[in-house]
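J.: predicted model, plus sequence, below.
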Amino acid sequence: MKITKLSTYRVAPRWMFLKIETDAGICGWGEPVIEGRARTVEAAVHEFSHLLVGQDPRRINDLWQTMYRGGFYRGGAILMSAIAGIDQALWDIKGKALGVPVYELLGGLVRDRMKMYSWVGGDRPGEIVAGMRKLREIGIDTFKMNGTEELGLIDSARKVDAAIERIAEIRTAFGYEIEFGIDFHGRVAAPMAKPLLRELEPYRPLFVEEPVLAEQYEVYRRLADMTSIPLAAGERMYSRFEFKHVFEQGGLAIVQPDLSHAGGITECVKIAAMAEAYDVGLAPHCPLGPVALASCLQVDFVSHNAVLQEQSMGIHYNQGAELLDYVRNRDDFRIVDGYMSPPRLPGLGVDVDEEAVIAASAHAPDWHNPLWRHADGSVAEW
Ligand SMILES: O=C(O)C(=O)C[C@@H](O)[C@H](O)CO
Ligand SMILES: [Mg+2]
């Protein structure tokens, strides 16, 4: 079998799909993208094609190493997202060629269903209790929200109190019938992470995500030593070679590699195994589309330490298209009592509606995250 063609489709809301075709008539789909940098990742995918066209798609390990090591420079958000989407598509091809879901090629199921969570509230956390009430009606009982709005490197007690008040309202409304993670989203700098974590302790969130920016990863350990709240991070870390530092120094209770940013299934299965050796949970980051989610589920269903899975249904970013708009086998992505079942179909488990993808690619938006600024006009972390 030989790879014959790579085609990319940027589509609403902010995703990109990659179709890899072969001379056997089997094609694979991937979702290479960095939110806000779709065109850059698209260029990177096509720059890799000279290493792929004419090659056997089943030699995933060799193609992965060739893409990672063959160009001298390596790593980072763009290249690792391009490799991720290509890797997903190669696994899709291999599973389809053998007639089995990818997890069967990785040793089979380690669990019968996977615990899912949903976002509530938007970029600026609001309407959280109302959002939770609505999602609880469809069986969701685990949530995530932004913890703050713009926050200065040093900021006021009022801002800390506003953040805590939002969380207190959740416990007042639902007690401990529901669980939630709080995403600091990189908006919180080290000096403010400590008071926020201290004030959040009584409300016992399931985790606090990106308590500081990934480039401040050496702070995780210090924060973990002063709080009992599990700390989570990983969406802005792109390979084993980055994650190893946080495993060695400790501090994270959960790692959140993104299957469309951290090198794909081949890399994330290895990150998951490294995490397990340190008693660290796995909760793949996935605010993206169905191929990314299916890739996450393939890793979840073979990783003993997979604890939670993000999915983007109803997320505030999905303007102009929703998670399953490009999927034919929508029932396979149903959430029942807060869980998803193992993907059913051969390959990744997504029957991509190619006509819908091609149609949507004719008017793809160039999504970018908003640029936030502090009151003094300086750039604020979004
Ligand atoms: O889902 C999450 O945990 C996020 O922090 C969302 C963020 O990754 C945006 O997708 C960036 O555009
Ligand atoms: Mg996040």
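T.: Yes, it's here. Ligands and ions are numbered 1, 2, ... in the order given.
J.: wait, doesn't Ile164 sit right on Arg198?
T.: No. Using Cβ atoms under 8 Å, Ile164 is not in contact with Arg198, being 9.9 Å away. Where C-beta positions appear, they are placed from N, C-alpha and C, glycine not excepted.
J.: who's more crowded, the two?
T.: Ile164 (18 against 14; other Cβ atoms under 10 Å).
J.: name the SS class of that one, please.
T.: For Ile164, the secondary-structure state derived from DSSP: H, G, I helix; E, B strand; the rest coil is helix.
J.: and the pLDDT for it?
T.: Note on Ile164: pLDDT of 98.
J.: now the residue nearest to it when sequence neighbours are not counted. Its backbone dihedrals?
T.: Of all residues not flanking Ile164 in the chain, Glu199 sits nearest, at 4.7 Å (Cβ to Cβ, 6 or more residues apart in numbering). Here is the backbone geometry of Glu199 (degrees, to the nearest 10): phi -70, psi -20.
J.: i'd like the first residue to be 37 from this point on
T.: Sounds good: first residue 37 from here, last item Glu235.
J.: got the confidence number for Glu235?
T.: 98.
J.: compute the number of surrounding residues for it.
T.: 16.
J.: can you check Ala225 too?
T.: Residues near Ala225, counting by other Cβ under 10 Å: 18.
J.: find the nearest non-adjacent residue to it, please.
T.: Closest to Ala225 by Cβ to Cβ, 6+ apart is Leu189, at 4.4 Å.
J.: using the three-state scheme, assign the one you found.
T.: coil.
J.: what's the local residue count around it?
T.: Leu189, neighbours per other Cβ under 10 Å, totals 12.
J.: show me the contacts for it.
T.: Counting by Cβ atoms under 8 Å, 6 or more residues apart in numbering, Leu189 makes contact with Ala225, Pro227, Met228.
J.: just name the closest of these to ligand 1, please.
T.: Ala225 (16.5 Å; Cβ to the nearest ligand atom).
J.: quick one: end-to-end distance for stretch 398-411.
T.: 39 Å (Cα to Cα, to the nearest Å).
J.: hmm, that stretch touching ligand 1?
T.: Yes. Counting by Cβ under 6 Å from any ligand atom, contacts between stretch 398-411 and ligand 1 involve Asn405.
J.: how close does the residue nearest to Ile200 get to Leu267?
T.: As judged by Cβ to Cβ, to the nearest Å, Glu235 and Leu267 stand 16 Å apart.
J.: what parts of the protein come near ligand 1?
T.: So the chain meets ligand 1 at Glu71, Asp219, His221, Glu271, His321, Pro323, Glu346, Tyr353, Asn405 (Cβ under 6 Å from any ligand atom).
J.: the third one against Glu246, yeah?
T.: I take that to be His221. Yes. His221 is in contact with Glu246 according to Cβ under 8 Å; the separation is 5.8 Å.
J.: one step back: what sits against the residue nearest to Ile200?
T.: Contacts of Glu235 (Cβ under 8 Å, 6+ apart): Val196, Asp197, Ala199, Ile200.
J.: Tyr139 now?
T.: Leu145, Gln334, Phe337, Val338, Pro378, Pro379.
J.: for the closest residue to the first one other than its chain neighbours, phi and psi?
T.: Nearest residue to Leu145 in three dimensions, chain neighbours excluded: Phe337, at 5.2 Å (Cβ to Cβ, 6+ apart). Geometry field for Phe337 lists phi and psi as phi -80, psi 0, criterion degrees, to the nearest 10.
J.: helix, strand or coil for whatever residue of the stretch 237-386 of the chain ends up closest to ligand 1?
T.: Ligand 1 sits closest to Pro323 of the stretch 237-386 of the chain, with a gap of 3.5 Å, by Cβ to the nearest ligand atom. Assigned by three-state DSSP, the conformation of Pro323 is coil.
J.: where does pLDDT dip in the chain?
T.: Within the chain, no range satisfies pLDDT under 70.
J.: looking at it, which helix is longest?
T.: helix 113-134 (DSSP state H).
J.: now that helix - C-alpha only, PDB.
T.: What follows is helix 113-134, C-alpha atoms only, in PDB (Å, rounded to 0.1, in the frame of the first residue of the first chain):
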ATOM      1  CA  ALA A 113       3.100  23.700  18.500                       C
ATOM      2  CA  ILE A 114       3.100  23.900  14.600                       C
ATOM      3  CA  LEU A 115       5.300  21.000  13.600                       C
ATOM      4  CA  MET A 116       3.900  18.700  16.400                       C
ATOM      5  CA  SER A 117       0.300  19.600  15.400                       C
ATOM      6  CA  ALA A 118       1.000  18.800  11.700                       C
ATOM      7  CA  ILE A 119       2.600  15.500  12.700                       C
ATOM      8  CA  ALA A 120      -0.400  14.800  15.000                       C
ATOM      9  CA  GLY A 121      -2.900  15.100  12.300                       C
ATOM     10  CA  ILE A 122      -0.900  13.000   9.900                       C
ATOM     11  CA  ASP A 123      -0.400  10.400  12.600                       C
ATOM     12  CA  GLN A 124      -4.100  10.200  13.300                       C
ATOM     13  CA  ALA A 125      -4.800   9.700   9.600                       C
ATOM     14  CA  LEU A 126      -2.200   6.900   9.300                       C
ATOM     15  CA  TRP A 127      -3.700   5.100  12.300                       C
ATOM     16  CA  ASP A 128      -7.100   5.500  10.600                       C
ATOM     17  CA  ILE A 129      -5.800   3.900   7.500                       C
ATOM     18  CA  LYS A 130      -4.200   1.000   9.400                       C
ATOM     19  CA  GLY A 131      -7.300   0.200  11.300                       C
ATOM     20  CA  LYS A 132      -9.500   0.400   8.200                       C
ATOM     21  CA  ALA A 133      -7.100  -1.800   6.300                       C
ATOM     22  CA  LEU A 134      -7.200  -4.500   9.100                       C
END
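J.: for that helix, the distance to its chain's centre please.
T.: Centroid separation for helix 113-134 versus its chain: 15 Å, with Cα atoms, centre = their mean, to the nearest Å.
J.: other SSEs contacting that helix?
T.: strand 51-58, strand 63-66, helix 74-88, helix 96-105, helix 138-141, helix 300-313, helix 326-336 (3 or more Cβ pairs under 8 Å, 6 or more residues apart in numbering; DSSP states H and E).
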